[in-house]
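Peer 1: Fold the following.
(chains A and B)
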Amino acid sequence: MTQEMIESAAAPRGAASAFLELRDLKVHFPTDDGLVKSVDGLSFQLEKGKTLGIVGESGSGKSVTSLAILGLHKGTRAHLSGEVWLDGTELIGASKEEVRKLRGSKMAMIFQDPLSALHPYFTIGSQIAEAYRIHNDVSRKAARARAVEMLERVGIPTPDKRVDDYPHQFSGGMRQRAMIAMSLSCNPELLIADEPTTALDVTVQAQILDLLRDLQKEFGSAIIMITHDLGVVAEFVDDLLVMYGGKCVEYGTVNEVFYEPQHPYTWGLLSSVTRLDRVREDRLKPIAGSPPSLINVPNGCAFHPRCPYEPQTGGKGSTVVPELVDAGKGHLVRCHLSAKERQDIFLKQVKPTL
Amino acid sequence: MGRFVIRRLLGVVVLMFIVSAATFAVFFLGPKFVGADVARNFCGRVCNEQSLVEVKAKLGLDKPIYDQYGAYVKGIFVGRTFGSGETARDCPVPCLGYSFKTDLPVWNQMTDRLPVTFSLAIGAGLIWLVSGVAVGILSALRRGTLFDRAAMSVALAGVSLPVYFTGLVALSVFSYKFKWFVNVHYSGFTDNPAEWAKNLVLPWICLAFLYAATYARLTRANMLETMGEDYIRTARAKGLPEKVVIRKHGFRAALTPIVTIFGLDLGGLLGGAILTESVFGFPGVGKLAVDAIGQQDLPVILGVTLFAGFFIVMANLIVDVLYAYVDPRVRYS
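Peer 2: I've put the predicted structure just below:
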């Protein structure tokens, strides 16, 4: 993402050049208590073969974003605006039917918690075969063979037998593999993985990530990895987008964001990671306070009530929404502090504790 | 699965023993506690000590209660003989005794009336299942619309209005005023199927209305819950057309609890749709029970209770077995 692109978000131009491009995506839900701004002006680009990580606390809009890309908010009460371009097609304005045909074939999603995301009454094989048959005109037999093939590819032992098992007969890791097999059955070019490893133990987590990486190499898919696990992020992604209160607060390559984080919220996130390779200090440093209510997002910078550096903004923090600006080489940050202030604070106060 | 069924069948036998013993105790032992004498009801207008003893002997009420129960159970499995010498009469298996009032075998009385109750219950069952589920699904899919609100209001009325109200209203409007269904009475299916169906229309609708209302509300609630499940989102994410999502993924899961309840409701009704049969004057098992209770005809009451109990217990068993097929997570061993 470049400065030019940020400007373009305000004045949309023609078709996007990137494989996936979001321009000023907004997803608002009208409720009895007020308007919930789950995603409020999100823009990014993603090329094929690359992986974008989206991190943020629960309720920061990560999952809502992915559902919006897939068009799963269509027909609900959600208000969508902005643009989502996938390989030259704009999806927000496209018809339900158009997006449905892309869903599962061109873009697919791996959901978290595969036990509840898989239908309990149908066999694993039939659920995979179903996904394949919607988009490919093949016989039941061929679809079943495809299901076995996919299960084998994701490393399920004796796939020709397990294909007839029900989800409850699979272990947690196997269910997640089956979920991945289902998502990949039509070779999607965009894969959105929503906390694919959250429910799994660490060894299985690593296997799943390896699997995704291999599959990405094989098919050259673009992957969006939604997670709140910074370990997974460091392992897996190329670019990282930090979300807070429905907005992007920092964006950059994973190295930039990890080694030269710019936003106080990112500092907080990084400080709250356990480090086994460091001397045990007295305590972890959690971010004070709790995530904002999306109905009543704080005025100004959404993070300001929790931000220890808010006094340095001279009152701007609680009144003006900061712009997303380029802090150099496409590393974007949404903060009122000047580049110099951030540099000083980071080097003197934050870095020594990381 | 086979072992499960056998175990459950044994359970059914045990349960039926308990039901019969309890019913027997209530009706044969109960009156003694309040100083009433069942035999007195059946010894005619001029009742003296002499005739009372005779009646008791004839009805078998002179023996100790456990003997009476023993003879009753024996009768069911191997048959029994009432009286002795000249007046002896055989009661073949399965013997549920003779009616105190009409002297007819209870078993035959009930089997004569079963077709009426079956016709009523099964016909109404199909109507309420189809209409209730259909309305429930449409309501769920059009939640908050005028259709939904209207349907749920009607359903609320259906749940609240008893059959003896809807039945009488239906009779007065469609039978007496508009004369669409004149002289509603039960006529055998084998005699004239068209006549059979025509006479059953009003009872079916009245009985079904009550249940359909419950089923509509239940289906709507289930459907709403199911359509919010994660696997529905997955089905949509696959790119399935919404129709398939609803029909295959949503409906399938929402229907499972309905099947259970349908089995139990139908089982309960096969033991007699008491109110509907009474309102329309259909000679079903329920009507038999009502008449028997009015006349303190103990063997008939006992017989009907056992019948009803049997159907409920069997319905439970069938539902449990079916459940294993409907929900793959349920496996009996």
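Peer 1: surely B:T234 meets A:P120?
Peer 2: No - applying Cβ atoms under 8 Å as the test, B:T234 and A:P120 come out as separate, 11.6 Å apart. (Glycine included, C-beta is placed from N, CA and C.)
Peer 1: If you count surrounding residues, which of these two has more?
Peer 2: In terms of neighbours (other Cβ atoms under 10 Å in any protein chain shown), B:T234 is the more surrounded of B:T234 and A:P120; the figures are 26 against 17.
Peer 1: that's a helix at that one, yeah?
Peer 2: Yes - looking at B:T234 with DSSP: H, G, I helix; E, B strand; the rest coil, it is inside a helix.
Peer 1: Identify the residue nearest the residue of chain A found nearest chain B in space, chain neighbours excluded?
Peer 2: Closest to chain B within chain A is A:G104: 3.2 Å, counting by Cβ to the nearest Cβ. Sequence neighbours aside, B:G239 is the residue nearest to A:G104 in space, at 3.2 Å (criterion: Cβ to Cβ, 6 or more residues apart in numbering or on different chains).
Peer 1: mind checking the longest helix of chain A?
Peer 2: helix A:202-219 (DSSP state H).
Peer 1: just checking, what packs against that helix?
Peer 2: helix A:172-184, strand A:190-194, helix A:230-236 (3 or more Cβ pairs under 8 Å, 6 or more residues apart in numbering or on different chains; DSSP states H and E).
Peer 1: And the residue of chain A closest to chain B, how far from A:P311?
Peer 2: Separation of A:G104 from A:P311 (Cβ to Cβ, to the nearest Å) stands at 50 Å.
Peer 1: the more surrounded of those two?
Peer 2: When A:G104 and A:P311 are compared on other Cβ under 10 Å, the one with more neighbours turns out to be A:G104, at 27 against 10.
Peer 1: wait, isn't the more buried one in contact with A:E189?
Peer 2: No - the criterion here is Cβ under 8 Å, and A:G104 misses it with A:E189 at 12.0 Å.
Peer 1: Which stretches in the stretch 51-200 of chain B count as strands?
Peer 2: B:80-82, B:89-91 (DSSP state E, counting those that start in this stretch).
Peer 1: what's the most buried one of those?
Peer 2: strand B:80-82 (a mean of 16; mean count of other Cβ atoms under 10 Å in any protein chain shown).
Peer 1: For the closest residue to chain A within chain B, which residues are in contact?
Peer 2: Nearest residue of chain B to chain A, counting by Cβ to the nearest Cβ: B:G239, 3.2 Å away. Contact analysis of B:G239 by Cβ atoms under 8 Å, 6 or more residues apart in numbering or on different chains lists A:R100, A:K101, A:L102, A:R103, A:G104, A:S105, A:A131, A:I134, A:H135.
Peer 1: Checking it next. Helix, strand or coil?
Peer 2: coil.
Peer 1: per-residue confidence for it?
Peer 2: The confidence metric pLDDT takes the value 92 at B:G239.
Peer 1: after the helix or strand encompassing B:G294, next one along is what?
Peer 2: Element membership of B:G294 [criterion: DSSP states H and E] is helix B:285-295. Downstream of helix B:285-295, the first helix or strand assigned by DSSP H and E is helix B:298-326.
Peer 1: pLDDT on that next one, on average?
Peer 2: Helix B:298-326 comes out at a mean pLDDT of 88.
Peer 1: roughly how far is it from the heart of the chain?
Peer 2: 9 Å (Cα atoms, centre = their mean, to the nearest Å).
Peer 1: again with stretch A:226-245
Peer 2: 8 Å.
Peer 1: And for stretch A:238-246?
Peer 2: From the chain centre to the centre of stretch A:238-246 is a distance of 8 Å (Cα atoms, centre = their mean).
Peer 1: Mind listing what's buried along it?
Peer 2: A:D238, A:D239, A:L240, A:L241, A:V242, A:M243, A:Y244, A:G245, A:G246 (16 or more other Cβ atoms under 10 Å in any protein chain shown).
Peer 1: Just the residues you listed: which are in helices?
Peer 2: Going by DSSP H, the helices hold none of the buried residues of stretch A:238-246.
Peer 1: Show the contacting residues for the closest residue to B:L114 other than its chain neighbours.
Peer 2: Distance criterion Cβ to Cβ, 6+ apart; nearest residue to B:L114, sequence neighbours excluded, is B:V285 at 6.4 Å. Residues near B:V285 by Cβ under 8 Å, 6+ apart: B:M110, B:R113, B:L114, B:V116, B:T117, B:L270, B:G271, B:G272, B:E277, B:V304, B:F307, B:A308.
Peer 1: Tabulate those in TSV, adding columns for neighbour count.
Peer 2: Shown next, in TSV, are the contacts of B:V285 (neighbours: other Cβ atoms under 10 Å in any protein chain shown):
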residue	neighbour count
B:M110	21
B:R113	23
B:L114	16
B:V116	25
B:T117	28
B:L270	24
B:G271	22
B:G272	29
B:E277	27
B:V304	27
B:F307	24
B:A308	21
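Peer 1: Compare the contacts of B:G239 and tell me which has the most neighbours.
Peer 2: Going by other Cβ under 10 Å, A:A131 tops these with 29 neighbours.
Peer 1: Enumerate every residue touching A:T227.
Peer 2: Counted by Cβ under 8 Å, 6+ apart, A:T227 has contacts A:G53, A:I54, A:V55, A:E195, A:P196, A:T197, A:T198, A:V233.
Peer 1: contacts with chain B among the residues you listed, please.
Peer 2: When these are checked against chain B using Cβ under 8 Å from any Cβ of the partner chain, none falls in range.
Peer 1: Looking at those residues, spot the one nearest B:D230.
Peer 2: A:E195 (12.7 Å; Cβ to Cβ).
Peer 1: thinking A:I345 is in contact with A:L337, fair?
Peer 2: Yes - counting by Cβ under 8 Å, A:L337 is a contact partner of A:I345 at 7.3 Å.
Peer 1: Now do the shared contacts for the two.
Peer 2: A:P264, A:Y309.
Peer 1: Same drill for these two, tell me which one is more crowded.
Peer 2: Neighbour tally, A:I345 and A:L337, criterion other Cβ under 10 Å: the higher count belongs to A:L337, 23 against 17.
Peer 1: so the more buried one is in which element?
Peer 2: Per DSSP H and E, there is no helix or strand for A:L337.
Peer 1: isn't it right up against A:P311?
Peer 2: No - taking contacts as Cβ under 8 Å, A:L337 lies outside contact range of A:P311: 11.0 Å.
Peer 1: about what we covered before: what's the angle between the helix holding B:G294 and helix B:298-326?
Peer 2: Computed by axes from the mean of the first three to the mean of the last three Cα atoms, to 10 degrees, the angle separating helix B:285-295 from helix B:298-326 equals 150 degrees.
Peer 1: For A:A222, list the residues it contacts.
Peer 2: A:F19, A:L20, A:L46, A:E47, A:K48, A:G49, A:K50, A:T51, A:L52, A:E189, A:L190, A:L191.
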